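[1] give the three-dimensional model of this entry:
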Amino acid sequence: MATPPALVLGSTSPGRAAVLTAAGIAFAQQASHVDEDAVVASATASGETQLSPADEAQLLAEAKAADVAQALRANPTGSRLVLGCDSVFEFEGVAYGKPHTPEVARERWLAQRGREGVLHSGHCLIDHETGRQATECVSSTVRFADISDAELDAYIATGEPLPCAGAFTVDGRAAALIDGIDGDFHAVVGLSPAALRRMLAELGHPLTLVWPA
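    Here you go, the predicted structure:
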């Protein structure tokens, strides 16, 4: 019987999976079932806590990792580590998640084209054998091209931006609509292999633990 990979990615994101695959990392995938709005609302309910966009990305990454780790404890698979991730786009100091509708996506692009914003990618790695966890939020500046209305409408019509934080995917059609990135390209996609290596080291594990057997 094949040995299960040490790492479970707590996400069904094709982009995050593609990053890990390209980096030569073995993993399984399991969806988290986290109500993102409820998690943020609970954290700020007292009115005393103000979450920055980076804080929000990290909070949600930790919630997703914890959710999947709990599921694995109830139904063990043999995997040891759970990685939760979340992305939040910051533009002019405001946090933006997924636009969901063409109207919202168009409004955001009209504001951000020709300008720049910051994509925050929260990461949380849990070793559910020891209960220890390591966290890291990676923030990267994204510079948007000053695209035409026709290009904008054509992009939105593809449907690609609707389920994406910031209404774009740098590893998709929006690659032609972005002038540059200052920071970690992979983190903008949604997951930083470099951050994963650092978190593994913090928990006392070598990177080779998540390489194929």
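[2] number of nearby residues for residue 212?
    10 (other Cβ atoms under 10 Å). The way it works is simple: take the backbone N, C-alpha and C, and place the C-beta from them, glycine included.
[3] quick check: phi and psi on residue 132?
    Main-chain dihedrals, residue 132, degrees, to the nearest 10: phi -80, psi 160.
[4] for it, list the residues it contacts.
    Contacts of residue 132 were listed using Cβ atoms under 8 Å, 6 or more residues apart in numbering, and they are 126, 203.
[5] how close does it get to residue 172?
    35 Å (Cβ to Cβ, to the nearest Å).
[6] repeat for residue 37
    25 Å.
[7] tell me which of the two has more neighbours.
    Neighbours were counted for residue 37 and for residue 172 using other Cβ under 10 Å; residue 172 has more, 17 against 9.
[8] check which helix or strand the closest residue in space to residue 165 that isn't next to it in sequence maps to.
    Using Cβ to Cβ, 6 or more residues apart in numbering and skipping residues adjacent in sequence, the residue nearest residue 165 is residue 87, 4.3 Å away. Here residue 87 sits within strand 81-91, counting by DSSP states H and E.
[9] state the mean pLDDT of that strand.
    Mean pLDDT, strand 81-91: 97.
[10] same check on stretch 169-178?
    Here the average pLDDT along stretch 169-178 is 96.
[11] first-to-last residue distance for that stretch?
    10 Å (Cα to Cα, to the nearest Å).
[12] which other residues reach that stretch?
    Contacts of stretch 169-178 (Cβ under 8 Å, 6+ apart): 15, 18, 142-145, 147, 151, 155, 158, 160-161, 168, 181, 185, 188-189.
[13] which of those fall within helices?
    Among the contacts of stretch 169-178, DSSP state H puts 15, 18, 151, 155, 185, 188-189 in helices.
[14] let's have those in JSON lines, adding distance to residue 97, pLDDT and neighbour count.
    Shown next, in JSON lines, are the ones in helices among the contacts of stretch 169-178 (distance: Cβ to Cβ, whole Å; pLDDT from 0 to 100; neighbours: other Cβ atoms under 10 Å):
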{"residue": "15", "distance to residue 97": "15", "pLDDT": "93", "neighbour count": "18"}
{"residue": "18", "distance to residue 97": "21", "pLDDT": "97", "neighbour count": "15"}
{"residue": "151", "distance to residue 97": "24", "pLDDT": "98", "neighbour count": "15"}
{"residue": "155", "distance to residue 97": "19", "pLDDT": "98", "neighbour count": "22"}
{"residue": "185", "distance to residue 97": "21", "pLDDT": "97", "neighbour count": "13"}
{"residue": "188", "distance to residue 97": "15", "pLDDT": "97", "neighbour count": "29"}
{"residue": "189", "distance to residue 97": "16", "pLDDT": "96", "neighbour count": "21"}
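[15] which of the residues you listed sit farthest apart?
    18 and 151 (24.9 Å; Cβ to Cβ).
[16] gap between the residue nearest to residue 165 and residue 63?
    Residue 87 is 14 Å from residue 63, by Cβ to Cβ.
[17] now swap in residue 173 and tell me
    Look at residue 173 and residue 63: by Cβ to Cβ, they are 30 Å apart.
[18] what about these two, which has more around it?
    A direct count of neighbours by other Cβ under 10 Å for residue 173 and residue 63 places residue 63 higher, at 23 against 13.
[19] for the more buried one, what are its contacts?
    32, 34, 36, 39, 84.
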